[in-house]
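Asker: model this:
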Amino acid sequence: MKIKSVRKSELNQMLKKAIEKVEGLGIKIEHNISPNVRTYKATSYYGHIRYKEEFDECEITISEYHLDNGYKAVMGTMIHEVLHACKGAINHGKQWQAYARTVNKAYQHNISRLGSYDNGYRLPKKKHEAKYMIECMDCENVITRVRKSKLVNNTDNYICGKCNGKLKRTK
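Answerer: Take a look at the predicted model:
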């Protein structure tokens, strides 16, 4: 069965529904939440909440890639983030866990500290392309780096870890 992706235009309505579900269980939301959900091309998280002091409100961001995981997965993430705006639940401590258990029991969600491939959640793997290559002059061992480092900047100060040979930056 193919999972129907969530459209960006549906996110603000989903947030309203997530807030209603949490408040409907008597869980008090302590911080104002911006009604506009942001999206970002994040490959390392499904959702994120950030408190913006200048506006005295929290802002929820959902990974654009997570939208492909379907309504149930995105709603679970949305509720997860809303719970962080509740009293004493800014982290994944005991209070947040208690709120998550309450929501899971009432609505048969599977809200946990981390999203899981077991739940069918998928994000693309990051593809790190090597910007820098250092090659051993003796054994031809190749070392790659994505970022500049001491090794990239000062190749002459290092030797090959395999054969103790001289290194040369080739890219």
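Asker: so which elements touch the helix or strand harbouring residue 76?
Answerer: In this structure, residue 76 sits in helix 71-84 according to DSSP states H and E. The contact analysis (3 or more Cβ pairs under 8 Å, 6 or more residues apart in numbering; DSSP states H and E) places helix 71-84 against helix 11-24, strand 47-52, strand 57-63, helix 94-107. For the C-beta atoms, the positions are set from N, CA and C on the backbone; glycine is no exception.
Asker: how much space between residue 135 and residue 46?
Answerer: 39 Å (Cβ to Cβ, to the nearest Å).
Asker: burial count for the residue lying closest to residue 23 once chain neighbours are set aside?
Answerer: Among residues not flanking residue 23 along the chain, residue 29 sits closest, at 6.5 Å (Cβ to Cβ, 6 or more residues apart in numbering). The number of residues packed near residue 29 is 17, by other Cβ atoms under 10 Å.
Asker: report pLDDT for residue 29.
Answerer: In this model, residue 29 is scored at 95, pLDDT.
Asker: tell me which residues touch residue 154, please.
Answerer: With contacts taken as Cβ atoms under 8 Å, 6 or more residues apart in numbering, residue 154 has no neighbouring residues.
Asker: now it: how far from residue 78?
Answerer: 48 Å.
Asker: what of residue 86?
Answerer: Taking Cβ to Cβ, one finds residue 86 at 14 Å from residue 78.
Asker: which phi and psi does residue 142 have?
Answerer: With angles defined as degrees, to the nearest 10, residue 142 sits at phi -110, psi 130.
Asker: can you pull the contacts of it?
Answerer: 133-136.
Asker: what's the farthest-apart pair in the residues you listed?
Answerer: 133 and 136 (11.1 Å; Cβ to Cβ).
Asker: what residues are shared contacts of these two?
Answerer: With Cβ under 8 Å, 6+ apart as the test, residue 133 and residue 136 both reach 142-143.
Asker: in terms of neighbours, single out the busier of these two.
Answerer: Taking neighbours as other Cβ under 10 Å, residue 133 and residue 136 compare with residue 136 leading, 19 against 14.
Asker: could you measure the more buried one against residue 163, distance?
Answerer: When residue 136 is compared with residue 163 (using Cβ to Cβ), they lie 6 Å apart.
Asker: tell me the contacts of the spatially most central residue of the chain?
Answerer: Central residue of the chain (Cα atoms, centre = their mean): residue 45, 1.1 Å from the mean position. By Cβ under 8 Å, 6+ apart, residue 45 lies in contact with residue 63.
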